[in-house]
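[1] Could you look at this predicted model? Sequence included:
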Amino acid sequence: MTGTWWLVVKRLAAVPLVLLALSTMVFVAVRTLPGSPATGLAAGGSSGTSSAADITANTAKINAALGLDKPLPEQYATFLGDVVHLDLGSSFYGGNDITGLLGDALPATIELTVAAMLIAVLIGMLTGILAALRRGTWIDTATRAIGTVSFSLPWFALGVLGIVVFGVWLRWLPVIGRLPNALDYHPLTNFVLLDAILQDRPELIWPWLQHLIMPATTLALSMAGFITRIVRASVLEVLGDDFVRTARMKGLSPGAILRRHVLRNSSLPIVTVLGLQFGSLLGGSVVTETVFSYPGVGNLLVNGILQRDYPIVQGAALAIALLFTLVNVVVDLLYLALDPRLRKA
Amino acid sequence: MEIGNQAVSRRTLLRGASILGMGAGFTGLLAACGIAAEKNDSSSDTARSGGTLTLAIDGTSAVNDPAFYTTLGDWMVVDCVCRGLTFISFETNEPTADLAESWTVSDDQLVYTFTLRQGVTFHDGTAFTSADVLASLNRQFNDADKTLPKGSSRPLKGIGDNLAALTAPDAATVVFKLKKPDRTLLGRLSDIGGRIISKAALEKYGAGIGKNLVGTGPFKFASATAGQNVTLEAFDAFRLGKPPIDRLVLQQVTDPSTIVSSLLSGDISATQFTPYSALEQLKGDTSVTVYDTPKSFDAFIMMDVRRIPELAVRKAINLAIDRQALITQAFFGAAVLPDGYTIPPNQDAYDASLADLSKTDVAEAKRLIQEAGATGRTVRLMAASDSWHPKAAQLITQNLTDIGLKVETDSVDPAAYFNRLFDAGDKFHDLMIWERNGYYPDADDMIGSLAKPSGVYGEFMSGFNTLDGSAAYADMLFEAKNIADATARKARYSEIQRAWADKYMTLSMLVCASNPVVSGTDVKDMNWKALGNHRCYVENASV
Amino acid sequence: MSESTTTSGLRGALAARRLGRGPLAAGSWIVVALFVLVAIAGPLLVTADPTRNTADALLPLGASGHLLGTDDLGRDELARMVHGARPLLLVAFLSTGLAALLGVGIGMIAGYAGGKVEWVLMRLMDLALAFPSMLLIILIVSAWSPGVGSLVTGIGTALAPGLARLARALAAREAGRDYVLAARLGGTRAPRILVQEVLPNMAGPMLAQVVMTLSIAAGFAAGLSYLGLGIQPPTPDWGYMVQAGQEFLYRAPRLVVLPAAATLIFVVACNFVGDDLRDALDPKGTR
């Protein structure tokens, strides 16, 4: 058991290092993007009436105010110092507190990705098991083909298609946002489901689900195909194992075999894949959030990049990386929990 | 059980928890964590019936400050929350009285005395007086004003430079003393930069006023989240009566196809950010209204004379452009030929006799290029990568290739475009596709800015200021804008435009285009002409 | 040793007729070959200029002279489809090549050298993997002006770590084998051992993974072009065509459907080809 804990500690200790390296990378990358925020700020809304000299002077003033006139190493040192104190700074456009922005956006993204994962696992498990049990038949081929198609499908195209079909033609689902604008929502934790409970507002849940289902399914479909493959492969492998044959000989019903032996033993690769895929899910959420005007971290990141709002980009990237790294740690731990053999290693 | 500052009964929480099938242990956990519920619960809101109007906007940084430009959407919020001394409805282009009840102008045109309206209250309950006017406008004029946030752009700063004194002899009077006459003062004061904020709020929030804007407008600020939306509520004590709608939401929607879809699905009530390509389809749909929005912005190519020094080549480029193709293929009909050169058709000084300055004559263009020995020369063109710009770039590239030039193009991320335009050393600085919106509908805001030798167009972009005789244009434009008689003024502007195009041709007009406004059919009495100019006056709108 | 070289090689698999079995696999090989053919030879056969604007905008399918109609700027859609294959395939193959070069190189060195070198190299790879690859690519690509070069650099760099992991595992396995030890004792230098001995023995499973990477790279290339970070207009490119055509989704759906379907078919076919290669070359499943 001590081995296990040591592993966990080692894993967690690496997290800050990964984040440090990443934030350095993002810090540099965002500053290599062409276009300076100060020029955008100085020119915006006044480019016609101001004289060129005024704009130049104002740009210099804004650069100084934002600290962008200082040498890069100094800016970097300031940034790191602030991050250590959990201060991610404030946005260039409007001085919004980044931690506040993330507090609003992270829960939305977590809701979206978790919902997408649940949907993906559901679809992937069902189709994977079906394909494995009907191995070699047309069902198997069709499932595999559709699975491959679904994870090759570009998420943006899916999102747009979904909006046209379910939002415009059928009018079943809303196409933008997270909750209807007409609804009063005073976030507490900013997890809608949790707030619905805490504030006793069950009427929030249905509209929330309506807004969530389409972006989440869009994201999920790109991942479900992967899970189908893994589930199919591991179910096939387990079905060939001795203990399943034994169980079958003992006269256990197929359902019981599936539940007790097959699913349990194939859960390991599934968890691994979920962990690995979580990254691409987060990446995909960036575009999905933009298409659905969904108020998450991805949307924040894209806006930050478009406005060259460095603190927003840094904060959002850090949040995404943190989320991703933590999920991977959890996956590793689940791995340990699911496979006792590994604990001794 | 008391959680934070709001009493939540244990039963309430349990009932809530049961939604998720959670046990009672959960509530204890939350109580232990000290998670507090928000004060405002929806149940405390009074019942309202006017409904919600949702406008799609380009973006929001959740800061709404007349001295700080972030996005067009954020300034639309300023429109709703704050009003100025004067007002231009865009249904007419004349400034009318708003917070100023009346004004007098001295004979030498240097002293403007405004009499303020009495009995107007701000959203915070304070009464509107001359102190509020001084506090608000000094933010524009005074560099050292303490309520200015970092990065402020201050659109009225130019007026401040011409100001000898701004005083308030009493609570109901404000006096502007100018150094030089300026006929456009009344109009400029109606623009965003001239909006009046409660002095009490300025003192309370300081540079943070953009997050807590308090004005006298028809809607008061409720909440805002960067990258998402701004929510406003109807102000019961608005000077002209409570607006019919209860709530106004300005919702960021950036994806063009999502804008169209959400208009059709009803998630969005109206917007002026409709993609041009969708207009045809939207016109055929009974659930939305497509307005014949005024063609009020200039789309043009700036030519850098430092890169293309020969006037003949610049004129050839101007003659090569197939503007009709731009209208049908890049603007899908939401544009007209620039017959008044830089003055759009809905403005006073519009003069259709200038149509020949933007005519197309490919044979003549070819001849000019050959004569100048420029056949086969490489010219570089840049355009932003959003909206109509990339399509126009493709069409123009073809036009210029057809007259014997070789064209290299660069499609630029909109965020980097300002930098590229302002950088005379940029590789693609020969030809630049750009646009100018007339927020203040007057020739001074169009030709007055575009031909000003010391402005960003004349200095950063075209290098017009390096040409002989360019300095005289500053005086000519100043003189023209102050001609009181509208007919005489129009004639003078036409003269200036013709001379400028003939002698220099640093700007080739493409089209005059509109920001096409579309709304749901249930939206009534919305000022769509103002919305087409990115001004948001929806106090009469109903849904 | 000798056994593994013969059966894990591509020639061995072909000889054993383990490639292209079943309609799905065979069909996929044909589809990929067809796409490559179109990309290479298509522009020679379709003579219409894909960048020539005309006034005949949005002509429907089967219009005279325009088999697939015209797009919003009056350009021949067939010509654009055929020419549009080139950038996607070019970027997909080049970036996969770059990823393979980087990934296999780093992985092999790490796996063979072990110790500190391995630790440093693999932590670097972990770092790159600790961030969603799409975001990584966007960051890399946006720093340059968009085009084939920046796409290949971005996608190639982002996909290298995944390959490096596999290459490390394979190389580490081979490094312990007798033949490597023998070569080492015989005085052969490390680079030579790696290229002449280790590489051929790990080529099978590696190749299967590289082909899978090809499909991922193609997906990324299309996605980036769709986001406007890829090939710039007027050069025809499927990803950009999907994005540009989206404006006409209701009026001329073919402008979206054709390039989207072509991209999809190519990506899916590459996937199946990768599957098939893996089944044939790496039956025991190294991964």
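    It's in. Residues are numbered from 1 along each chain as shown, chains lettered A, B, ... in the order given.
[2] ok, the residue in chain C that chain B sits nearest to - how many residues close by?
    Closest residue of chain C to chain B, C-beta to the nearest C-beta: residue C:247 (3.6 Å). C-betas here are computed from N, CA, C, even on glycine. Neighbours of residue C:247 under the rule other C-beta atoms under 10 Å in any protein chain shown: 22.
[3] As a check, name the ranges of all strands in chain C.
    Secondary structure of chain C (DSSP state E): no strands located.
[4] Skip the chain neighbours and tell me the closest residue to the spatially most central residue of it.
    The centroid of chain C falls nearest to residue C:214 when counting by C-alpha atoms, centre = their mean (2.1 Å). Excluding the flanking residues, the one nearest residue C:214 by C-beta to C-beta, 6 or more residues apart in numbering or on different chains is residue C:96, at 4.5 Å.
[5] didn't that neighbour look like it was pressed against residue C:217?
    Yes. Counting by C-beta atoms under 8 Å, residue C:96 does reach residue C:217; the two are 4.8 Å apart.
[6] More neighbours: the two, which one.
    residue C:217 (29 against 26).
[7] Not counting residues beside it along the chain, what's closest to the residue of chain C closest to chain B?
    residue B:277 (3.6 Å).
[8] cool, and residue B:405?
    residue B:379 (5.3 Å).
[9] Tell me the predicted confidence for that neighbour.
    With respect to pLDDT, residue B:379 scores 97.
[10] How much space separates it from residue B:479?
    35 Å (C-beta to C-beta, to the nearest Å).
[11] Of the two, which one has the most company?
    residue B:379 (20 against 12).
[12] would that one count as being in a strand?
    Yes. Assessed by DSSP: H, G, I helix; E, B strand; the rest coil, residue B:379 belongs to a strand.
[13] Report the beta-bridge partner residues of it.
    Residue B:379 forms beta bridges with residue B:407, as assigned by DSSP bridges.
[14] residues contacting it?
    Listed by C-beta atoms under 8 Å, 6 or more residues apart in numbering or on different chains, the contact partners of residue B:379 are B:307, B:308, B:317, B:400, B:405, B:406, B:407, B:408, B:430, B:431.
[15] wait, does the host helix or strand of residue A:9 make contact with chain B?
    Using DSSP states H and E, residue A:9 sits in helix A:2-32. No. With C-beta under 8 Å from any C-beta of the partner chain as the criterion, chain B is not reached by helix A:2-32; the gap is at least 11.6 Å.
[16] Apart from its neighbours in sequence, what residue is nearest the residue nearest to the spatial centre of chain A?
    Computing the C-alpha centroid of chain A and ranking residues by C-alpha atoms, centre = their mean puts residue A:282 first, at 2.7 Å. Distance criterion C-beta to C-beta, 6+ apart; nearest residue to residue A:282, sequence neighbours excluded, is residue C:132 at 4.8 Å.
[17] how near is that neighbour to residue A:234?
    25 Å.
[18] Also residue B:272?
    54 Å.
[19] about what we covered before: isn't the residue nearest to residue C:247 up against residue C:72?
    Yes. Counting by C-beta under 8 Å, residue B:277 does reach residue C:72; the two are 7.0 Å apart.
[20] Looking at those two now, which is surrounded by more residues?
    residue B:277 (25 against 22).
[21] Alongside chain C, which residues does the stretch 201-345 of chain A contribute?
    Counting by C-beta under 8 Å from any C-beta, the residues of the stretch 201-345 of chain A near chain C are A:279-280, A:282-284, A:286-287, A:301, A:305, A:317, A:320-321, A:324-325, A:328.
[22] A strand includes residue B:436, no?
    Yes. Residue B:436: assigned to a strand according to three-state DSSP.
[23] and it, bridged to which residues?
    Bridge pairing for residue B:436 - DSSP bridges - gives residue B:298.
[24] residue contacts, it?
    A:48, B:297, B:298, B:300, B:342, B:446, B:449, B:450.
[25] any idea how far it lies from chain C?
    The gap separating residue B:436 from chain C is 24 Å, by C-beta to the nearest C-beta, to the nearest Å.
[26] Which pLDDT does the model give that residue?
    92.
[27] biggest separation within the residues of the stretch 201-345 of chain A next to chain C, which pair?
    Greatest spatial distance among those (C-beta to C-beta): A:305 and A:328, at 24.7 Å.
[28] If you count surrounding residues, which of these two has more?
    The neighbour count for residue A:305 versus residue A:328, taken as other C-beta under 10 Å, is higher for residue A:305 (23 against 20).
[29] Nearest residue to that one in space, ignoring adjacent ones along the chain?
    Nearest one to residue A:305, counting by C-beta to C-beta, 6+ apart, is residue A:313 at 5.7 Å.
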